[in-house]
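# With the sequence up front, the predicted model follows.
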Amino acid sequence: MTGRDKRLNAVSGFILFWGVSIAGYLAGRRLKIPAPAILGPIACFLVLTILGVKFTIPAWQKPVLSVITGILLGMRFNQNFKGVLCQMLLAAIWLVSLSLIATGVLIFTGLEKETALFAATPGGMAEITLMSLSYHSDPFATVLLQSSRMICSMVVFSSLAFRYRCEETGEKKAVTAERRLKWYEWGVLLLPVLGVTWILTRFHVPAANLLGPMLVIGIAVKAGNVSCRINKRIQTLVQIGIGGLAGAAITRESILGFPEYIFPVIILNILVIMGSLLLARIMMWMTNWDKATCILACCPAGLSPTIMIAMEYKADANIVTLFQVLRMVTVLVSTPFLAKMLIAG
C-alpha cells in the first residue's frame, strides 16, 4: 500500500468514525436513552460489528481525546475545599475501598482482572471507558457494567433525594471567582500541559495523557482563583468520540458472550449502591447537611445529571458538585495504579 493510499484510508476512516458516532448520538438523543453521547455511538458500532462491518480508525484520536478530557476535568477544580477536608478524605478512602471490594467480587464471578477493575470503579463512565482502552480490558463488559451502574444509581438516588428534598431552603450557590481565563492564557497553559504529559509518559505513569492535562489545568485554575465555564458542545463532542472509540473496540466474541454478564451486573449494582448509601448515612451523622445533599453527594452516577438533580431538589449544589468531582478525580488517579498492581500480581 502506497503512502497516498494510507492517507486516503486514514481520512475515510476518520470521516466514517465520526459519521457513525454522531449518528449514534443523534439517534440516542431522539430515543431519550441515558448518556446518549456515549451509549448512542456504542450502540451504532455494536450493530456494525454484528453485521461484520469494520473500518480503520486513526490511532491518534485516542491520545487527543484523552488530553482534551483531562483539560475538561481540570476545569472543574475551582471548588472551595474549606471545612470539608475530613469528609473528602473519608469519601476518597471509601471509594477506593469500595472499588477494590467490587473488583474482587467481579473477579470471583469469572471476569478478567483488568475488566473487573474498570467495570467496578464508580467514576465517570466516559473517562473510565477511555482509560480501559489502554489495557487488556473487555470494552463491551466495561461499558455494560458501567452504564448499568449509572442508570440504577440514578434511579435509586434521585428517588431518595426526591423523598428528602428541601422544601423551604434554596440551594446554596457556589462561590466562584469573576475572572475567566482569556484565550492567550489558554495558549500559555498548553505548553505545560504538553510538557507534563510528555514527562509522565516518559516515566510510564498510567493514563498520562489524561492525568497530565487534568493536573496542570486543575492547579492553574485553583492557584489562579479563576472560573472556567466548560463549553457543552465541546464536552458532548468529546463524549461522542469516547463512545465511538469504545464501540469500535468491541469484538463480535464479546457480544455473543452477553448472557455471562447478567450475574456480575446484579452483584455490582448491589455492592456499589449499598456501599454509597452507607457512605451517605455516615455523612448525615458527621455533618449538619440535609439528607438530600448527603445522598446526592455520594451518588455514584453521572456528574452533570447528579448536579442538575441537586439544583432541582434544592440540595446544596456546591457540596454535591465538590464531592462528585472528588469521586471522579479519586477514581481517575487511583485506577491506573490499581490496574498496574493487578497486572503485576
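Structure received. Since we're looking at a predicted model, the values are computed, not measured.

# measure the closest residue to G40 other than its chain neighbours to M328 for me?
Nearest residue to G40 in three dimensions, chain neighbours excluded: G28, at 2.7 Å (Cβ to Cβ, 6 or more residues apart in numbering). (Each C-beta comes from the backbone N, C-alpha and C, glycine too.) Noted for G28: a distance of 22 Å to M328, by Cβ to Cβ, to the nearest Å.

# What is the helix or strand where the residue nearest to G40 lies packed up against?
G28 belongs to helix 3-30 when elements are defined using DSSP states H and E. Packing partners of helix 3-30 (3 or more Cβ pairs under 8 Å, 6 or more residues apart in numbering; DSSP states H and E): helix 36-51, helix 232-248.

# who wins for proximity to L89 among the ones you listed?
The minimum distance between L89 and the helices and strands packed on helix 3-30 falls on helix 232-248, with 28.7 Å, by Cβ to Cβ.

# just how off-centre is that closest one within its chain?
12 Å (Cα atoms, centre = their mean, to the nearest Å).

# pLDDT averaged over it - what is it?
Regarding helix 232-248, the rounded mean pLDDT is 85.

# Begin at 443 from now on, thanks
From this message on, residue numbering opens at 443, which makes the last subject helix 674-690.

# got the buried residues for that helix?
Within helix 674-690, the residues that count as buried by 16 or more other Cβ atoms under 10 Å are 677, 679-690.

# cool, stretch 643-661 as well?
For stretch 643-661, a neighbour-count test (16+ other Cβ under 10 Å) marks 647-660 as buried.

# Name the SS class of S576, please.
coil (DSSP: H, G, I helix; E, B strand; the rest coil).

# Give me the nearest residue to the spatially most central residue of the chain, chain neighbours excluded.
Most central in the chain under Cα atoms, centre = their mean is G566, positioned 1.8 Å from the mean C-alpha point. Nearest residue to G566, sequence neighbours excluded (Cβ to Cβ, 6+ apart): M770, at 4.9 Å.

# what's the distance between that neighbour and W640?
24 Å.

# Could you do A759 as well?
For A759, the distance to W640 equals 37 Å [Cβ to Cβ].

# still on that earlier bit, I'd like to know which of the buried residues of stretch 643-661 are part of helices.
Per DSSP state H, helices hold the following members of the buried residues of stretch 643-661: A650, N651, L652, L653, G654, P655, M656, L657, V658, I659, G660.

# Closest to V775 out of these?
Nearest to V775 among these is L653, at 6.8 Å by Cβ to Cβ.
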